[in-house]
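S.K.: mind looking at a prediction? Sequence and model below.
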Amino acid sequence: MQKMKMALAGIVMAGAATAITFTPSTAHAQEVYVGVVPPTYVAGTEPVYWNGRPHYYYNGYWMYREGAAWRYYRSEPAYFHDWRYRYPAGRWHYGWRR
Amino acid sequence: MRFVGWIGMGSLVAMLACGGGSANTEPNTATNSAQGQATDDAALTADMMEHHGHHHGGFTHLVILSVETIGGTPEQKDKIEAIRKDLIAKTAPVHEANKNLITVLADVVADGNTTPDESAKVDAAVQQLATAASAAHAAAAQAMNQLHAVLDAAQRQTLVDKVQAQWEVWRSANSADDKDNNGLSDADEHRLSAMTKVLALQPDQVDKMKAALKTAMVNVAKLDPAEVDAHIKKWGEAFVTDGFDSAKMGGEDVNAHLAGAGAGRMARFYVTIAPILTPDQRTKLADHFRKHQNKGPELPSTN
């Protein structure tokens, strides 16, 4: 049973761990790196749209999908900095809160 | 604030606090620390797993859940919310079938003994749900097309991503896989773990339930995940194009199989463990079912 509990927690925890210990990919102009956003977070969180992409603020980083990969900005874009200033300490998710 | 879903027993037990906040007005506030993130993720996962483990409406249901957190401008949100309510109204028979199944299961659990008549009622309730889910596809087609028309390109891709994510969570909550190869499906282990906490099951009860489940679940219909994967891929590729037409997507069978397999598995689980519960545990579980049988996507009349 313990194994099962661990497996369930892994849905998010594996993603979280990966996001915390990002592995740098090619560092181009925007300095984006690979990360992971868990499916529960994507399913239950409202994104912020910028540059024509939905972004999720996960684990302290603004993440977006590019194909099958998740990427984040090493330097927070000003738009998101301003957004977080307007809504401090934000985590933007709605539907699954009670 | 809008809350979708069955009240998560897992998160209730764990007493993991979810922050409050106003839906669709401004962001909720919560800690940004890694530990806080993990705690929030665990609570969110517990709630979503419980929802998907107890509400079965097929692919259309996954879309309805996903629509809620698309986001957008205030003007868009009004339109999106109106369509979401229309989708829920069009799929009301699915909601009613879910309620009926939970009611039937509450009766079965309450007396702890599944009579042939009750067993037939359970099977009929599962079939009713699968039939309603199949019909929901066509019933929701127009609203689905309206939704497509309202969304811009980024939002369409967002919805596709969210539906895929909901499916992944659903699959985890209802998986017939046995990853640790102990004879119990992952979904049954999850439910049994939740029941152990909620009903304070004793070790000997858990052992008996495991033995009973290993036998009882053998012939329960299993979902073919590849069928759902293929439909979601086909739907997703079409939805991001301008020429999307829900009526051309098919999906009645996927809706029926997804809802029927999930509901059938859930029903067999509770029918199997009911005789092993004490009278107090049966009362508690039946009351819980009855209390939450109306939970699910909000109906327009409740808003």
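M.R.: Right, received. Where do you want to start? From a predicted model like this one, the values you see are computed outputs, not experimental measurements. Numbering: from 1, shown residues only, chains lettered A, B, ... in the order given.
S.K.: isn't residue B:198 right up against residue B:281?
M.R.: No: with contact defined as Cβ atoms under 8 Å, residue B:198 does not reach residue B:281; the gap is 9.1 Å. Where you see a C-beta, it was placed from the backbone N, CA and C, and this is true even at glycine.
S.K.: how far away is residue B:131 from residue B:96?
M.R.: Residue B:131 sits 12 Å away from residue B:96, going by Cβ to Cβ, to the nearest Å.
S.K.: brain fart, residue B:216
M.R.: From residue B:216 to residue B:96 the distance is 27 Å (Cβ to Cβ).
S.K.: where does chain B dip in pLDDT?
M.R.: B:1-39, B:293-303 (pLDDT under 70).
S.K.: show me where it has its strands.
M.R.: B:28-29 (DSSP state E).
S.K.: residue B:131 - nearest residue in space that isn't next to it in sequence?
M.R.: residue B:256 (7.0 Å; Cβ to Cβ, 6 or more residues apart in numbering or on different chains).
S.K.: what's the neighbour count on that neighbour?
M.R.: 22 (other Cβ atoms under 10 Å in any protein chain shown).
S.K.: contacting residues for it?
M.R.: Listed by Cβ atoms under 8 Å, 6 or more residues apart in numbering or on different chains, the contact set of residue B:256 reads B:58, B:130-131, B:133-134.
S.K.: looking at the residues you listed, which is nearest chain A?
M.R.: In terms of Cβ to the nearest Cβ, no member of these lies closer to chain A than residue B:58, at 16.2 Å.
S.K.: ok, the closest one touching residue B:255?
M.R.: Yes: using Cβ under 8 Å, residue B:58 is in contact with residue B:255, at 3.2 Å.
S.K.: neighbours around residue A:83, how many?
M.R.: 19.
S.K.: should've said residue B:169
M.R.: Counted with other Cβ under 10 Å, residue B:169 comes out at 26.
S.K.: against residue B:173, how distant is the closest residue to it other than its chain neighbours?
M.R.: Counting by Cβ to Cβ, 6+ apart, residue B:169 lies nearest to residue B:48, which is 5.1 Å off, once chain neighbours are set aside. Distance, residue B:48 to residue B:173, using Cβ to Cβ: 8 Å.
S.K.: who has more neighbours, those two?
M.R.: The neighbour count for residue B:48 versus residue B:173, taken as other Cβ under 10 Å, is higher for residue B:48 (31 against 23).
S.K.: now the more buried one: how far from residue B:136?
M.R.: Taken as Cβ to Cβ, the span from residue B:48 to residue B:136 is 21 Å.
S.K.: try residue B:175
M.R.: Remark: distance between residue B:175 and residue B:136 (Cβ to Cβ) = 23 Å.
S.K.: so those two - more neighbours on which side?
M.R.: Each of residue B:175 and residue B:136 has its neighbours counted (other Cβ under 10 Å); residue B:136 has more, 29 against 20.
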